[in-house]
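Peer 1: just the structure for this:
(chains A, B, C and D)
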2 protein chains.
Amino acid sequence: MDGQAGVAAEPWIPFEDRRRARGRKKEAVLRMAVRLFLENGVHRTSLAEVAAALNVTKPALYNYFRSKDEILFECCRLGREMYEAGIADIAARNGSGLEKLRALIRSYAKVITQDFGQCLVRFDDRELSPAARADIRRAKRRIDEAFRTEIARGIADGSIRPCEPKVAGFVITGALNGIGTWYSPDGPLSVDEIADAFVERLVDGLAVRRAPAAKQAGP
Amino acid sequence: MDGQAGVAAEPWIPFEDRRRARGRKKEAVLRMAVRLFLENGVHRTSLAEVAAALNVTKPALYNYFRSKDEILFECCRLGREMYEAGIADIAARNGSGLEKLRALIRSYAKVITQDFGQCLVRFDDRELSPAARADIRRAKRRIDEAFRTEIARGIADGSIRPCEPKVAGFVITGALNGIGTWYSPDGPLSVDEIADAFVERLVDGLAVRRAPAAKQAGP
DNA sequence: ACATAAAATGACCCATCGGTAATATACCGG
DNA sequence: CCGGTATATTACCGATGGGTCATTTTATGT
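Peer 2: You can find the predicted model right below:
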C-alpha cells in the first residue's frame, strides 16, 4: 500500500484542476497501474487499489478503459513502442554488425530499466486477451529478430565470431531481461553503467584473452 | 486441459494399485502441479484442476498438503535442492575460477531445463508465504553468490578478465534464466548443446578476438 | 468377516475481484 | 440561469477458487 513515491495522483488531487484533458488522465492511470502491477504482481493488484492510489474509486477507471485487460495491454503497448523505437533507430544507422549489436544492447538496457519497458518481460502473456497476447508475442519476436539479424550481419562482415545467431540472441536478451528483476533506480549503478557493463561482458566475454591460436610467433 | 502427456496419474489410476505409499502420492501431486503451474501460470491453475488431472477431487489433495502455498513451496524447494546439489558438487572440486564457472553454467543450464528447476525463476516470489519466500530468496542469493565467488576467484587467479563480479554474475544468471522461458524438450537443441553454447558465448563473448594489445609480435 | 483407520467425496462457506447500474455532482455553452 | 454532457460515486451482481466438514468408501490387521 505504498512505495509509489514518485508517481503523483496529479490530475485529481483536490477539486480544482479537474479540467485536465482525458488523455492525461488515461496516462496517469497507466503510470500508476504499471507501478503497482510491477510492485505487487498483476493479479494481486485490484483495480480498486489502482483507483485508490489515484484518489478515485474503481468505476471511475471504466470511463477510460474497458477492462483490466485493456489497462494491462496498454501498459505493454507503451513498452513495446519503446523497444521498437530503439530498434528502428538503430536499424536505420550504418556500421558493422558488432557496432549495431552494441547499440541494440544499450538501447534495450535503457528500456528495460523503465516501468513500461518491463511489462513485456515481467508480465505473463497469458494474462492478456488472445488478440493482445498475439500482438505482444509478435513484438517479442521482432525484438528477437533484430538481435539475430545484427548478429548474423556481424558474422558475415567478420566483426562477430561465427556462432548460432538464435542462441547467441537468447543469451543476450536473457541477460538483459534479467536487469528488470534486480534493477532499482536507487541502486549503486546508473543505467548507463549497467548498459556499458553488459555490452562489455556480452561482447568480450569473461575469459582472459589468449593470443589467437598460432599464426603468430610462439613463446 | 492437456499437454501433460508424460505425467501419468499413476498412483490412483483405477481401483487396484491404490496401496501406494504416501510419499509417492505426494510426489505425484507435485509433479502434476508443477507441470500445470508452468503451463498455465500458478494463479490460473486451480487445485481442482490439479486434482482432476490426477483423477481425484480437490479435498483429496488436502490429505497431503495443507494449502496451495505449501504445494507451490514444495515445488520450489525441490528445484532449490537441484541447484544446491550442483553448486555443492562444484564447490568441492578444484580448478581455476574459470573452469569452475564453466561447470556452474553447465550445471545451472541442466537444472533450469527441468520443471522443478524452473520454479525458482518462473514463479513469483510474492505468491509464497513470507517464510517460504524468505527461504527461496535466500536460496537465490546463495546461487548468485556461488557465481560471484568463482568469478572473483577467476579474476584473482588470472583466468577471468578483471570486472565487477556482481554484474558479471547477473549477466550469466540472467542469460541462463532465459532458457526457462523458451526451452522445450521437443525443440531442436538438446540440453547439452544449449549448455555448451551458453558456456561458449558467455565465456568467450561475441566479438572476434583481436590479438592482445601488444606483448607479442606483430606483422 | 469385521472393526478400525486412512483416504476420498460431495456439498458448502466465504472472501476477493472484475464488472455493471442507478444515481449524484461538476462543468460547459447558450 | 438552465440544460446537457462528462465524470465520479455508492451499491450491487456473479464468478471463481481456496479451504472446510460431515459422510462415505476402501484397505488392512485380526
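Peer 1: what parts of chain A come near DNA strand D?
Peer 2: Within reach of DNA strand D by CB under 7 Å from any atom of the strand, chain A has these residues: A:12, A:18, A:22, A:25, A:51, A:55-60, A:63-64. In this view, the C-beta of every residue, glycine as well, is placed from N, C-alpha and C.
Peer 1: swap in 6 Å and give it another go.
Peer 2: Counting by CB under 6 Å from any atom of the strand, the residues of chain A close to DNA strand D are A:12, A:22, A:56-57, A:59-60, A:63.
Peer 1: now, which of these lie within strands?
Peer 2: Members of the residues of chain A next to DNA strand D lying in strands (criterion: DSSP state E): none.
Peer 1: what's the most distant pair in those residues?
Peer 2: A:Arg22 and A:Thr57 (18.0 Å; CB to CB).
Peer 1: ok, so of the residues of chain A next to DNA strand D, who is nearest A:Asn94?
Peer 2: Nearest member of the residues of chain A next to DNA strand D to A:Asn94, counting by CB to CB, is A:Arg22, at 41.8 Å.
Peer 1: pull out the buried residues from the longest helix along chain A.
Peer 2: Assignment by DSSP state H gives helix A:130-157 as the longest helix of chain A. Burial within helix A:130-157, assessed by neighbour count using 16 or more other CB atoms under 10 Å in any protein chain shown, is assigned to A:132-133, A:135-136, A:139-140, A:143-144, A:146-155.
Peer 1: and if you look at stretch A:45-52?
Peer 2: Of all the residues in stretch A:45-52, those buried under the rule 16+ other CB under 10 Å are A:45, A:47, A:49-52.
Peer 1: that stretch and chain B, any residue contact?
Peer 2: No - judged by CB under 8 Å from any CB of the partner chain, stretch A:45-52 and chain B are separated, with a smallest distance of 10.6 Å.
Peer 1: is DNA strand C contacted by that stretch?
Peer 2: Yes - using CB under 6 Å from any atom of the strand, stretch A:45-52 reaches DNA strand C at A:46-48.
Peer 1: likewise stretch A:121-129?
Peer 2: No - contact between stretch A:121-129 and DNA strand C is absent, the nearest approach being 9.2 Å (criterion: CB under 6 Å from any atom of the strand).
Peer 1: and the contacts of that stretch?
Peer 2: Contacts to stretch A:121-129, defined as CB atoms under 8 Å, 6 or more residues apart in numbering or on different chains, come from residues A:37-38, A:42-43, A:69, A:72-73, A:75-76, A:112, A:133, A:136-137, A:177, A:180-181, B:40-41, B:44.
Peer 1: again, only this time at 6 Å
Peer 2: A:42, A:69, A:73, A:133, A:177, A:180, B:41 (CB atoms under 6 Å, 6 or more residues apart in numbering or on different chains).
Peer 1: for the next helix or strand after the longest helix of chain A, packing partners?
Peer 2: Next helix or strand after helix A:130-157 toward the C-terminus (DSSP states H and E): helix A:165-182. For helix A:165-182, the elements it packs on are helix A:97-112, helix A:115-122, helix A:130-157, helix B:165-182, helix B:191-204, judged by 3 or more CB pairs under 6 Å, 6 or more residues apart in numbering or on different chains; DSSP states H and E.
Peer 1: what do you get if the cut-off is 8 Å, keeping everything else the same?
Peer 2: Applying 3 or more CB pairs under 8 Å, 6 or more residues apart in numbering or on different chains; DSSP states H and E, we find helix A:165-182 packed against helix A:97-112, helix A:115-122, helix A:130-157, helix A:191-204, helix B:165-182, helix B:191-204.
Peer 1: return the distance of it from the chain's centre.
Peer 2: Relative to its chain's centre, helix A:165-182 lies at 12 Å (CA atoms, centre = their mean, to the nearest Å).
Peer 1: let's have the helices and strands packed on helix A:165-182 in TSV, adding mean pLDDT.
Peer 2: Listed next are those as TSV, based on pLDDT from 0 to 100:
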stretch	mean pLDDT
helix A:97-112	98
helix A:115-122	98
helix A:130-157	98
helix A:191-204	98
helix B:165-182	98
helix B:191-204	98
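Peer 1: quick one: the ones you listed as a markdown table, columns for distance to B:Ser96 too.
Peer 2: Output for those, formatted as a markdown table (distance: least, CB to CB, whole Å):
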| stretch | distance to B:Ser96 |
| --- | --- |
| helix A:97-112 | 28 |
| helix A:115-122 | 34 |
| helix A:130-157 | 29 |
| helix A:191-204 | 18 |
| helix B:165-182 | 15 |
| helix B:191-204 | 12 |
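Peer 1: out of those helices, the one nearest B:Val29 is which?
Peer 2: Closest of the helices and strands packed on helix A:165-182 to B:Val29 is helix B:165-182, at 21.9 Å (criterion: CB to CB).
Peer 1: and the closest one, what's buried?
Peer 2: Buried residues in helix B:165-182, counted by 16+ other CB under 10 Å: B:165-181.
Peer 1: if we can go back for a sec, out of the buried residues of stretch A:45-52, the closest to DNA strand D would be?
Peer 2: Using CB to the nearest atom of the strand, A:Ala51 comes nearest to DNA strand D of these, at 6.6 Å.
Peer 1: quick one: residues contacting that closest one.
Peer 2: Applying CB under 8 Å, 6+ apart, the residues contacting A:Ala51 are A:57-58, A:60-61.
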